[in-house]
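only geometry, no sequence info:
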């Protein structure tokens, strides 16, 4: 007997119940019982001489279990695992708890997103909405941000020190975010998506302290080895990437032909400052 299915001792009468009799005992529409039977959630039936389905008391036990689990929002596919494939109610409970936690997290993020949008000035809402939809699903947003940083950095084997930069620069989103954290996470996505992945330039962007003229992966490793901590290494990398991106824009005609240090300071330093503030906010700071 499956876990959760209690033995029904009531008599079904000679030859079992008809589908309408079973539906009446279960308090369900005949159409629903027929559907459950068609998808094999009910025990195998036999047919009367007239070709009609007949059900034994065990079918009523299954229907009662199905109703209880459906009232808790369990899908028919998961109920089938219990009735047909031996999944225990304990295993089902653990799986459903995890689904509830994921859903609660998504709802917490969505609540913060709507708060942020509602509190913003009217003319800014369309642009802000575009940003906030990037992070409406926290799990996907974290994966996208992590992937964005991995595209900016050279490929590294698991356990490489450079992995610490990715973990720092793409922090896992909090379970219950504040409005400021949702806004910060959206800002981080915008800042990273605005950078072009470096494809091993002949002279890589430097950290402002005389970075070596080496291939891109070597330069990244050099920056990491010289930085006193992960936060500093991340800022130096963002500085180099921002400068590289700005020069790429200039070469493509997207910036003035003559180089202006003031433009570099505004674009590069501003990008670093904004991203650094966002990381602090995500860590719970102000």
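Ah, there it is. Predicted model only: the values in this text are computed from it and were never measured.

report the longest helix in this structure, please.
For the chain, the helix with the greatest residue count under DSSP state H is helix 89-119.

So which other helices or strands are in contact with that one?
Helix 89-119 sits against helix 76-84, helix 125-132, helix 138-152, helix 179-193, with contacts defined as 3 or more CB pairs under 8 Å, 6 or more residues apart in numbering; DSSP states H and E. (C-beta placed from N, C-alpha, C; glycine too.)

so it versus helix 76-84, what angle?
Angle between the axes of helix 89-119 and helix 76-84 is 170 degrees (criterion: axes from the mean of the first three to the mean of the last three CA atoms, to 10 degrees).

average pLDDT across helix 89-119?
For helix 89-119, mean pLDDT is 95.

how far does it sit from the chain's center?
Centroid separation between helix 89-119 and its chain, computed with CA atoms, centre = their mean, to the nearest Å, is 11 Å.

and what of stretch 185-195?
17 Å.

Show residues contacting it.
Contacts to stretch 185-195, defined as CB atoms under 8 Å, 6 or more residues apart in numbering, come from residues 131-132, 134-135, 141, 144-145, 148-149, 152, 170, 173, 177, 241-242, 245, 271, 274-275, 278-279, 282.

go with 6 Å
131-132, 134-135, 145, 148, 173, 241, 245, 271, 275, 278 (CB atoms under 6 Å, 6 or more residues apart in numbering).

Pick out the lowest-pLDDT one from the residues you listed.
At the low end of pLDDT for those is residue 245, which has 63.

For the helices and strands packed on helix 89-119, state which one has the densest average packing.
helix 179-193 (a mean of 20; mean count of other CB atoms under 10 Å).

so after that one, what's the next helix or strand?
Counting by DSSP states H and E, the next helix or strand C-terminal to helix 179-193 is helix 216-226.

what angle separates that next one from helix 138-152?
Counting by the same axes, to 10 degrees, helix 216-226 lies at 110 degrees to helix 138-152.

thought residue 281 was touching residue 184?
Yes: using CB atoms under 6 Å, residue 281 makes contact with residue 184 at a distance of 4.0 Å.

about what we covered before: and the helices and strands packed on helix 89-119 as TSV, adding distance to residue 53?
TSV is the format used below for the helices and strands packed on helix 89-119 (distance: least, CB to CB, whole Å):
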stretch	distance to residue 53
helix 76-84	18
helix 125-132	53
helix 138-152	44
helix 179-193	54
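
So which of these is nearest residue 159?
Judged by CB to CB, the one of the helices and strands packed on helix 89-119 that comes nearest to residue 159 is helix 138-152, at 14.7 Å.

how far off helix 179-193 does that closest one point, in degrees?
Going by the same axes, to 10 degrees, helix 138-152 makes 30 degrees with helix 179-193.

Poorly predicted segments of the stretch 101-250 of the chain, please.
For the stretch 101-250 of the chain, the stretches with pLDDT under 70 are 156-157, 161, 194-217, 244-250.

can we see that at 80?
152-162, 194-224, 237-250 (pLDDT under 80).

center of this structure - which residue?
Geometric centre of the chain, nearest residue: residue 139, 2.1 Å, by CA atoms, centre = their mean.

In contact with that one, which residues are there?
Residue 139 neighbours (CB under 6 Å, 6+ apart): none.

10 Å instead, please
Neighbouring residues of residue 139 by CB atoms under 10 Å, 6 or more residues apart in numbering: 102, 105-106, 109, 172-173.

For residue 126, see how far away it is.
26 Å (CB to CB, to the nearest Å).

Report how many residues lie close to residue 112.
Neighbour count for residue 112, taken as other CB atoms under 10 Å: 22.

ditto for residue 273
12.

do you know how far residue 62 is from residue 56?
According to CB to CB, residue 62 stands 10 Å off from residue 56.

can you check residue 116 too?
Taking CB to CB, one finds residue 116 at 57 Å from residue 56.

element containing residue 54, please.
strand 53-54.

Now do that strand: which elements does it pack against?
Secondary-structure packing of strand 53-54 (3 or more CB pairs under 10 Å, 6 or more residues apart in numbering; DSSP states H and E): helix 19-26, helix 30-38, strand 46-47.

let's go with 7 Å and repeat that
Other elements packing on strand 53-54 under the criterion 3 or more CB pairs under 7 Å, 6 or more residues apart in numbering; DSSP states H and E are strand 46-47.

can you list the contacts of residue 139 in CSV and add distance to residue 24?
Formatted as CSV, the contacts of residue 139 follow (distance: CB to CB, whole Å):
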residue, distance to residue 24
102, 39
105, 43
106, 40
109, 46
172, 52
173, 50
